[in-house]
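Asker: Quick one: sequence plus predicted model below, questions after.
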Amino acid sequence: MQELNIGGKLLDEEQIAQKVREMAKEIEEEFEGEEIYVIGILKGACIFVSDLIRHLNCPVKLDFMSLSSYGMSLESSGVVKILKDLDMDIEGKNVLVVEDIIDTGLTMEYLKGYLTARKCKKLKICTLLDKPEGRKCDIVADFTGFHLPDEFIIGYGIDCQENYRNLPYIAYVK
Ligand code: 5GP
């Protein structure tokens, strides 16, 4: 019974859809119509990145990376491991990293350093959700959808021990 541990709805489908459209517009403006190499971070950003790229009216290439920081636990370990690296060469390209949620910022700080070393033309970070209270470093995304309180978030691609990714809305766990 998937509904049992859902604490409360934070963002409904229409709020998310509206925000995704707005973010796509901002991103298009930032890259001035040039081609963007979009990197979705698996698995949590899978639904967000799929929705976002369908609103980008510019050439897009899509790749994915998989990183582990939480594993099966509810708290970030701070130790980042690359489980799946890029398939594409991003040297000299406009790159947009698409993340589901930034909490401590440690994952994104590591990833930013890792991708910067690959000498892209422009590197921007986009996150649907941000929990600023959890921050343990100075990372700020270039594009942020919503700021949320320090709760454990699920839905719209984001899991709790691999459950709840299929919820069309965003909620927190009790
Ligand atoms: P950070 O390194 O910023 O602490 O965490 C980044 C990653 O941790 C996110 O990409 C996401 O996968 C996971 N994460 C952070 N906060 C939450 C949360 O509230 N719920 C879930 N399911 N994952 C989270």
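Answerer: In hand now; what should we look at?
Asker: the strands in the protein, which residues?
Answerer: The residue ranges that make up the strands of the chain, judged by DSSP state E, are 6-11, 36-42, 60-68, 81-84, 94-102, 122-130, 143-147, 153-154, 170-173.
Asker: what number of residues lie near L83?
Answerer: Taking other CB atoms under 10 Å as the neighbour definition, L83 ends up with a count of 9. The way it works is simple: take the backbone N, C-alpha and C, and place the C-beta from them, glycine included.
Asker: Specify the beta-bridge partners of the nearest residue to K84 once chain neighbours are set aside.
Answerer: Nearest non-adjacent residue to K84, counting by CB to CB, 6 or more residues apart in numbering: S66, 3.8 Å away. Partner residues in beta bridges with S66, using DSSP bridges, are L42, K84.
Asker: so what's the residue nearest to I53 when sequence neighbours are not counted bridging to?
Answerer: Counting by CB to CB, 6+ apart, the nearest residue to I53 once its immediate chain neighbours are dropped is V60, at 5.3 Å. Counting by DSSP bridges, V60 forms beta bridges with I36.
Asker: sorry, back to before: right, so of the strands of the chain, which gets closest to the ligand?
Answerer: Taking CB to the nearest ligand atom as the criterion, strand 153-154 is the member of these that comes nearest to the ligand, at 3.6 Å.
Asker: neighbouring contacts of the closest one?
Answerer: 6, 10, 101, 129, 131, 160, 163-164, 167, 170-173 (CB atoms under 8 Å, 6 or more residues apart in numbering).
Asker: at 10 Å what do you get?
Answerer: Taking contacts as CB atoms under 10 Å, 6 or more residues apart in numbering, the residues outside strand 153-154 that touch it are 2, 5-7, 10-11, 44, 100-101, 103, 128-129, 131, 159-161, 163-165, 167, 169-173.
Asker: of these, list those near the ligand.
Answerer: The overlap between these and the neighbourhood of the ligand (criterion: CB under 6 Å from any ligand atom) consists of G44, D100, I101, D103, D159, C160.
Asker: The longest helix along the chain versus strand 6-11: what angle between them?
Answerer: In terms of residue count, the longest helix belonging to the chain (DSSP state H) is helix 13-31. Angle, helix 13-31 to strand 6-11, by axes from the mean of the first three to the mean of the last three CA atoms, to 10 degrees: 50 degrees.
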